[in-house]
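Visitor: For reference, the sequence and a predicted model appear below.
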Amino acid sequence: MTRPAAPLVVGFDLDMTLIDTVPGFAATLGALGEELGVDLPIAEMTERLGPPLDVLLAPHLEAARVPEACDRFRALYPDLAVTSVPTLPGAHEALAAVRRHGGRTLLVTGKYEPNARRHVDHLGLDVDEVVGWVWGVLKADPLRAAGAAAYVGDHVHDVEGALAAGTTSVSVPTGGCTAEELRAAGTHVVLPDLLAFPAWLDEHVAARGA
C-alpha cells in the first residue's frame, strides 16, 4: 500500500525575497540617524539586507547604543516603512502556486515579527504563519517543525537555514547576494526571480509524487 505524500509546506523569507524592503528601510535609517545625530551610510547598509538589525548597526554606533537604537528603529518602522514597500515581481504568484498544490505557506524572517505581519497585512500576502526574529541556522527550527519541503530566500544565510533544516533550498538573487554566492553557499536551486517559481514548483511536486 502506498502512503499518501505529506501535505506540501513551503517556507519563504520576507525581505528582498517577497518584498523590496530597501525604500522603507532607508527611510527609517535616515530618521534614526537624524535622531541619534549619526550620519549612517544608508546606501551601503541597504545594499545587502538580510542580517539582523543589530548586526547592521554595530559598525556605526558605540556598542552600548545599539540595543536602544534597534528599539527606536522598530518603533519608527511602521510609519515610515510599511506603505512604501512593494512586493517583488512574482511574490503573489509564488504564494498562489503553493495554494494550487493544496499547500501551506510559512514566512520565516529575521525581521521583528510585528513589523513583518504589518507587511503581510498591508500587501495581502497569502501566508498561513509568520515566524520572525530568526536568522541563519535558527531558521531551521520553524522550518523543521512545519515539515517544510522547501525554503525560498535571497541570502546565503537563508540557504544556511534551509540546509540546517534538511529542506530544499530555493534561491533568488533579488537581494544582496549573487547567484554565484548562493550556489557557493550550497543552495539546491537558483531561479532568476519568483516569476520562475510556479513552474519550478510544478516540477518539484511532480517529482515528489513520483
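Guide: Yep, it's here. Numbering: from 1, shown residues only.
Visitor: Which positions in stretch 92-102 come out as buried?
Guide: For stretch 92-102, the neighbour count (16 or more other Cβ atoms under 10 Å) marks His92, Ala94, Leu95, Ala97, Val98, His101 as buried. C-beta coordinates here come from the backbone N, C-alpha and C atoms, glycine included.
Visitor: In helices, which of the residues you listed fall?
Guide: His92, Ala94, Leu95, Ala97, Val98 (DSSP state H).
Visitor: Quick one: residues contacting the fourth one.
Guide: The one in question is Ala97. With contact taken as Cβ atoms under 8 Å, 6 or more residues apart in numbering, Ala97 is in contact with Phe197, Pro198, Leu201, Asp202.
Visitor: re the thing from before, so can I have a markdown table of the buried residues of stretch 92-102 showing pLDDT?
Guide: Below are the buried residues of stretch 92-102 laid out as a markdown table (pLDDT from 0 to 100):
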| residue | pLDDT |
| --- | --- |
| His92 | 98 |
| Ala94 | 98 |
| Leu95 | 98 |
| Ala97 | 98 |
| Val98 | 98 |
| His101 | 96 |
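Visitor: Narrow the contacts of Ala97 to those that are buried.
Guide: Buried members of the contacts of Ala97, counted by 16+ other Cβ under 10 Å: Phe197, Pro198, Leu201.
Visitor: out of those, which one sits closest to Asp121?
Guide: Phe197 (22.4 Å; Cβ to Cβ).
Visitor: Quick one: distance of the helix or strand containing Leu80 to the chain centre.
Guide: Per DSSP states H and E, Leu80 falls inside helix 66-81. On the basis of Cα atoms, centre = their mean, to the nearest Å, helix 66-81 sits 19 Å off its chain's mean C-alpha point.
Visitor: average pLDDT across that helix?
Guide: For helix 66-81, mean pLDDT is 96.
Visitor: From the contact counts, what lies against that helix?
Guide: helix 22-36, helix 53-57, helix 113-123 (3 or more Cβ pairs under 8 Å, 6 or more residues apart in numbering; DSSP states H and E).
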